[in-house]
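J.: Sequence plus predicted model, see below.
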Amino acid sequence: MTILKTIAVAFAMFSRIPMPVFPWEKDTLRYLLCAFPLVGAVIGLVCWGWTVLCGWLAAPALLRAAGLCGLPVLLTGGIHLDGFCDTWDALSSHAGPERKQEILKDPHVGAFAVIHLCLYFTVTLALWSALPVYPPVVVLLTFCLSRSLSGLAVAVFPLARDTGLAHTFSSAADKKTVAAVLTVLSAALVAAMGLAGKGMAGWLSAAAALLVFLSYRFMALRSLGGLSGDLAGWFLQTAELWMLAALELAALLGGALS
């Protein structure tokens, strides 16, 4: 029962999918981060279903791409994009870590957040439109890998402050178990992506996520003094964008997608 409660709380927190309401208890939060990739699996399945529907209707590539841009946002309620925007406002200030943390906590949206959000959707729409073949298994796994690595970071990266959702989830987690589970899961997802994609497509996409993950830790410590919930959202969106770009690169280099 605790496992089901944990999964339900994860979906209630990180998605807009209706779930039974359970209190945030210690046992429920202990392994919450391990359930985070399941949210990605559902998003991947919905996107897969959208592409199948578009195929049945012979929908234009642009319409298919618009759905693939919008569905993850609708299913998550934009929670990760909010952190993406706040983080870009902070990073673009070129201020010190303390001032950047103040900007992260500011509820107002700055110009740099709007600029990067527009760029994000423009590039994402272009990449989905240009992708010649939709690789369903690889794309589904990218949504899982981004969340597995995000949860791993919350469990093991130093935190910038002792407040906020990242601190809540990190302090409540059984860190050793969560880190071990998500490390193994991330490795399994990387291998599965590599094996599922034709040519180098899956491997390139997984490598892109790992490169973003490594730069994520460096940037969090150097620029912001540690991890925060907003920065976790920035990582997830950025990793998914670069994984998609890697799929398109594989296609341009002649790698066939499954």
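T.: Okay, I see it.

J.: Which stretches in the chain count as strands?
T.: Under the criterion DSSP state E, the chain contains no strands.

J.: low pLDDT regions in it?
T.: Within the chain, the ranges that satisfy pLDDT under 70 run 1, 102, 104, 106, 163-164, 172, 255-258.

J.: What residues of the lengthiest helix in it count as buried?
T.: What stands out as the longest helix in the chain, according to DSSP state H, is helix 32-57. Residues of helix 32-57 classed as buried: 32-40, 42-44, 46-48, 50-51, 54 (neighbour count, 16 or more other Cβ atoms under 10 Å). Yep, even glycine has a C-beta here, placed from its N, CA and C like the rest.

J.: got the contact list for Gly226?
T.: Applying Cβ atoms under 8 Å, 6 or more residues apart in numbering to Gly226 gives the contacts Phe157, Pro158, Leu159, Ala160, Arg161, Ala220.

J.: contacting residues around the second one?
T.: By Cβ under 8 Å, 6+ apart, the contact list for Pro158 reads Ala220, Leu221, Gly226, Leu227.

J.: Val156 - how many residues pack around it?
T.: The tally of other residues near Val156 (other Cβ atoms under 10 Å) stands at 17.

J.: Quick check: chain neighbours aside, which residue is closest to it?
T.: What sits nearest to Val156 in space, not counting adjacent residues and going by Cβ to Cβ, 6 or more residues apart in numbering, is Ala179, at 5.2 Å.

J.: Which ones among the contacts of Pro158 map onto helices?
T.: Among the contacts of Pro158, the members falling in helices are Ala220, Leu221 (criterion: DSSP H).

J.: Out of the contacts of Pro158, which end up buried?
T.: Buried members of the contacts of Pro158, counted by 16+ other Cβ under 10 Å: Ala220, Gly226, Leu227.

J.: How much space separates Thr183 from Ala66?
T.: Distance, Thr183 to Ala66, using Cβ to Cβ, to the nearest Å: 36 Å.

J.: let me fix that: Leu227
T.: In this structure, Leu227 and Ala66 are 33 Å apart, going by Cβ to Cβ.

J.: Buried residues, stretch 124-138. List them.
T.: Of all the residues in stretch 124-138, those buried under the rule 16+ other Cβ under 10 Å are Thr124, Leu125, Leu127, Trp128, Ser129, Leu131, Tyr134, Pro135, Pro136, Val137, Val138.

J.: export it as CSV, just CAs?
T.: Output for stretch 124-138, consisting of C-alpha atoms alone and laid out as CSV, is shown next (Å, rounded to 0.1, in the frame of the first residue of the first chain):
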residue,chain,number,x,y,z
THR,A,124,11.5,22.0,-29.9
LEU,A,125,8.8,22.5,-32.5
ALA,A,126,11.4,22.7,-35.3
LEU,A,127,13.1,19.5,-34.1
TRP,A,128,9.9,17.5,-33.8
SER,A,129,8.8,18.8,-37.2
ALA,A,130,12.1,17.9,-38.8
LEU,A,131,12.5,14.4,-37.3
PRO,A,132,11.8,12.1,-40.2
VAL,A,133,10.6,9.1,-38.2
TYR,A,134,9.2,9.1,-34.7
PRO,A,135,11.2,6.5,-32.6
PRO,A,136,8.5,5.6,-30.0
VAL,A,137,10.6,3.4,-27.6
VAL,A,138,13.6,5.8,-27.5
